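>>> what would the 3D arrangement of this be:
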Amino acid sequence: MFALGGIVYLENNDNVGDGVNEESVHSNNTQTNNKPVHTNGEVSAVTGGNCASYEEARDRLQEILRKLQEPSQSLEASLKLWEEGRLLVGYCEEVLQDAMKRLNYGDTTNPEDASLKESEA
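Now for the predicted structure:
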């Protein structure tokens with residue numbers, strides 16, 4: 001992904017996708033402590049719909065790392081891969097942070113956790 005003149009170009013299988021308005025790509029973001037939160041929809045938009053889960057995003061990151069290590073990659077292709085990788089890293093970090101919160105504090109949306117907390121009180 002790269003931005004040029006207010007247009008964000010998305011990569012899909014190493015080809016530049018159609019230009020999309022930058023605002024539409026980031027419209028699913030919310031702010032938490034002034035840090036953007038990347039949604040699964042945003043990650044899927046950047047990867048051409050290829051990443052629907054943490055595991056798929058992680059696998060795509062590994063693929064990006066392999067491609068970046070290839071000496072035949074052009075500068076422009078490397079920059080696009082790097083931008084996509086940055087977005088995927090942010091998404092994966094947020095998923096892992098949410099998982100850690102659930103482990104440390106319990107998932108309040110899970111009825112079993114709520115009943116456990118009530119019985120402990």
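
>>> max-length helix in this structure?
helix 75-105 (DSSP state H).

>>> list the buried residues of it.
The neighbour-count check on helix 75-105 (16 or more other Cβ atoms under 10 Å) flags 77, 80-81, 83-85, 87-88, 90-92, 94-95 as buried. Glycine gets a C-beta too; all of them are placed from N, C-alpha and C.

>>> what's the closest of those to residue 65?
Set against residue 65, the nearest of the buried residues of helix 75-105 by Cβ to Cβ is residue 85 (7.5 Å).

>>> my read: the closest one touches residue 64, true?
Yes. Using Cβ atoms under 8 Å, residue 85 makes contact with residue 64 at a distance of 4.6 Å.

>>> secondary structure class for residue 72?
Following DSSP: H, G, I helix; E, B strand; the rest coil, the label given to residue 72 is coil.

>>> give me every residue that touches it.
Contacts for residue 72 were tallied using Cβ atoms under 8 Å, 6 or more residues apart in numbering; there are none.

>>> next one, pLDDT for it please.
Looking at residue 72, its pLDDT is 94.

>>> now it. Its backbone dihedrals?
Dihedral pair for residue 72: phi -80, psi -10, per degrees, to the nearest 10.

>>> any idea how far the closest residue to residue 95 other than its chain neighbours is from residue 80?
Spatial nearest neighbour of residue 95, excluding adjacent residues (Cβ to Cβ, 6 or more residues apart in numbering): residue 54 at 4.5 Å. Taking Cβ to Cβ, to the nearest Å as the measure, residue 54 falls 22 Å from residue 80.

>>> what mean pLDDT does the longest helix of the chain get?
The pLDDT scores in helix 75-105 average 94.

>>> just to revisit the earlier point, switch the buried residues of helix 75-105 over to JSON lines; also include distance to residue 71.
Converted to JSON lines, the buried residues of helix 75-105 look like this (distance: Cβ to Cβ, whole Å):
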{"residue": "77", "distance to residue 71": "12"}
{"residue": "80", "distance to residue 71": "17"}
{"residue": "81", "distance to residue 71": "14"}
{"residue": "83", "distance to residue 71": "20"}
{"residue": "84", "distance to residue 71": "20"}
{"residue": "85", "distance to residue 71": "18"}
{"residue": "87", "distance to residue 71": "24"}
{"residue": "88", "distance to residue 71": "23"}
{"residue": "90", "distance to residue 71": "27"}
{"residue": "91", "distance to residue 71": "28"}
{"residue": "92", "distance to residue 71": "27"}
{"residue": "94", "distance to residue 71": "33"}
{"residue": "95", "distance to residue 71": "32"}
